[in-house]
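[1] Kindly return the folded structure for what I paste below:
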Amino acid sequence: MTELHSEAENIEKLSQCIMDTFQAKSIKEGEVLRYQDLYPVLQEKYPKYKDVQKEAEHHLTKEGYVNPAPEGLMLTPVGQKALNSR
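    Numbering: from 1, shown residues only. Take a look at the predicted model:
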């Protein structure tokens, strides 16, 4: 059971890191955070991001914060509201 908790925790931490990157790069609703801009941040702050990246993106999509885009992740109105309430 510890392993499941750990994976869920990693997904949540990576999701927060992705949202922090939207905020740090001043990405606004409807704009795309390109993977080429996201990956260096993730490598620096969360070196094991590749282990849970897809799950974290799915989590953010399910929450309505982002939509997948071919070149990255697009911030939704819900995601913008979440960033504004921080």
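[2] Report the contact partners of the nearest residue to Tyr35 once chain neighbours are set aside.
    Closest residue to Tyr35 apart from its sequence neighbours, by C-beta to C-beta, 6 or more residues apart in numbering: Gly72 at 4.8 Å. All C-beta spots, glycine's among them, are computed from the backbone N, C-alpha and C. By C-beta atoms under 8 Å, 6 or more residues apart in numbering, Gly72 lies in contact with 32-38.
[3] Please indicate which of the residues you listed are buried?
    The neighbour-count test (16 or more other C-beta atoms under 10 Å) marks 32-33, 38 as buried among those.
[4] what's the closest of those residues to Asn84?
    Nearest to Asn84 among those is Leu33, at 16.3 Å by C-beta to C-beta.
[5] May I have the secondary structure class of the closest one?
    Following DSSP: H, G, I helix; E, B strand; the rest coil, the label given to Leu33 is strand.
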